[in-house]
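Visitor: Attaching a predicted model along with its sequence, questions to come.
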Amino acid sequence: MSGLFFMTIVIFFHDITFLLLAICLVILIAGGGVMLKLDHISKSFKGQQVLRDITFHMAEGESILLLGANGAGKSTLIKIVLQMLKQDQGSMTWKGKRPYIGYVPQAPSMIGNLSVLQFASYVLSLHGRKNQVQTVLRDAGLESKRKELAENLSTGQMKRLLFQLAVAVKPKLLIMDEPTAGMDLEAKRKFRKQLSDVRSDGVSVLLTTHILSDAGELAERLLYLEDGVIKVDRSIEGIKMDRKSISFQTDSKHKSLLLSMGYIQEEGLYRKLTENADFELKLLIQNSIRFSQLEIKGDTLEQYVEGLEGEEIGI
Amino acid sequence: MKSIIVTVVMELQRMVKDRFFLCFSLLMPFVFYTLFTYINRGSAVDGINFDYYFLISMTCYSLVVTSVQTFGIQIMYDRRQSWMNYLFTLPL
């Protein structure tokens, strides 16, 4: 009898353990890693619809590149996430309490009549990190300008300072609007390095930029806005794998055949953009085309975005 | 509370760098008070010592100039600058 009772207890707790594990798993899958959810966000100004039915989720530690033509609604979306603007429709939910958001604005301007040192001290004091002032000024390369008025700094210097201030307070989410615009080459290099460190610490990043050569390294997901609607939401790695550029060298006797197959001749090499590189290689082999210096490269982000913008303006 | 104190200190730092404020709200009333009380020393207005009378007058002048010229204009300029948006992102 006692054996039966013992068995019942074991089975009961065994089931409870499984039940708890299943609940944890469901919570984890159903959004444990999601930091921010935007559901059906819409916004209009004076009757003009700027954002329409924007829905996306941002995972913890994820880095999103927000692109779109001028007036597509990027800045409005950023302001809604920063709660500077209130959406007309839809909801925005954070995982737990809204975290501190580091922000680097597109057109920075500093508080008037404050020196660089006073400005940095003020921002850091609000976060209780005033002791990091010297580190921030050193990392921003502005130690020599500490007594100058902050409003007299150049755009690049202001962005460097705001980026260092945003990073110094250990945000959960970093939002940057054109962060590298106005920066010199050395500052851009340093910015990329620091942003990579920040991302490896698990900070989520939402940025917009028009310098797409940088963007591929800075983000892992692309959101492309067109007329206030998300037209593309996919991984940048996936974009690079999408289309491939094939280039090779071969005898000139194959020229007419290759041109008829859609290849173009450039600097002694034959090139073609294709969505199926394997099929193209098979075709070359079937047509007994012997080639050398074969190179297959993924589509770049610039080429992809140029394609999207071309579609938008009807090229 | 701490963020309010930090912000008040910051605003004071801004204020002492504002030449308009220093000139019209502090320096000018002080100079006028010194000058006119020196000229009218010993005199009285409605039985009140001129020094006291003029002290209140200049204090009022200073407050009016601060509130109308400095404070009002500063709010207008601040609202035109994008750093006001930046402040919204800080834990104020």
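Guide: Structure received.

Visitor: And A:Lys297, how close does it get to A:Ile289?
Guide: Separation of A:Lys297 from A:Ile289 (CB to CB, to the nearest Å) stands at 20 Å. No exception for glycine: its C-beta is placed from N, CA and C like everyone else's.

Visitor: Compare neighbour counts for these two and give me the winner.
Guide: Shown here are A:Lys297 and A:Ile289; by other CB atoms under 10 Å in any protein chain shown, A:Ile289 has more neighbours (17 against 14).

Visitor: for the more buried one, helix, strand, or coil?
Guide: Recorded secondary structure, A:Ile289: coil (DSSP: H, G, I helix; E, B strand; the rest coil).

Visitor: hang on, it packs against A:Leu257?
Guide: Yes: between A:Ile289 and A:Leu257 there is a contact under CB atoms under 8 Å: 7.3 Å.

Visitor: my guess is A:Tyr100 contacts B:Pro91, does it?
Guide: Yes: with contact defined as CB under 8 Å, A:Tyr100 and B:Pro91 form a contacting pair (6.6 Å).

Visitor: Which stretches in chain A count as helices?
Guide: With helices called from DSSP state H, chain A shows them at A:2-27, A:74-81, A:116-126, A:133-139, A:155-168, A:185-200, A:212-218, A:236-242, A:255-260, A:277-286, A:301-313.

Visitor: who touches A:Leu65 in this structure?
Guide: The neighbours of A:Leu65, taking CB atoms under 8 Å, 6 or more residues apart in numbering or on different chains as the test, are A:207-209, A:215, A:218-219, A:221-223, A:236.

Visitor: I meant to write A:Lys240 there.
Guide: A:Lys240 touches A:216, A:298-301, counting by CB under 8 Å, 6+ apart.

Visitor: Now tabulate those in CSV and tack on distance to chain B.
Guide: Listed next are the contacts of A:Lys240 as CSV, based on distance: CB to the nearest CB, whole Å:
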residue, distance to chain B
A:Gly216, 27
A:Gly298, 36
A:Asp299, 36
A:Thr300, 33
A:Leu301, 28
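
Visitor: quick one: which of the residues you listed is most hemmed in?
Guide: A:Leu301 (21 neighbours).

Visitor: what's the offset of the helix or strand in which B:Val65 is found from the middle of its chain?
Guide: According to DSSP states H and E, B:Val65 maps onto helix B:50-65. With CA atoms, centre = their mean, to the nearest Å as the basis, helix B:50-65 stands 12 Å off its chain's centre.

Visitor: picking up where we left off before, which neighbours do A:Tyr100 and B:Pro91 share?
Guide: By CB under 8 Å, 6+ apart, the residues touching both A:Tyr100 and B:Pro91 are A:His127.

Visitor: Those two: who's more crowded?
Guide: The residue with more neighbours, out of A:Tyr100 and B:Pro91, is A:Tyr100; 16 against 9, by other CB under 10 Å.

Visitor: In terms of pLDDT, where does the more buried one sit?
Guide: We note a pLDDT of 85 for A:Tyr100 in this prediction.

Visitor: For stretch A:144-158, buried residues please.
Guide: A:145-146, A:149-151, A:153, A:156-158 (16 or more other CB atoms under 10 Å in any protein chain shown).

Visitor: Within range of chain B, give me the residues from chain A.
Guide: With the criterion set to CB under 8 Å from any CB of the partner chain, chain A comes near chain B through A:79, A:82-84, A:100-103, A:105, A:107-114, A:118, A:122-123, A:125-128, A:162.

Visitor: Grab the nearest non-local neighbour of the residue of the stretch 151-300 of chain A found nearest chain B.
Guide: Closest contact between the stretch 151-300 of chain A and chain B, by CB to the nearest CB, is at A:Leu162 (7.5 Å). Spatial nearest neighbour of A:Leu162, chain neighbours left out: A:Val104 (4.8 Å); criterion: CB to CB, 6 or more residues apart in numbering or on different chains.
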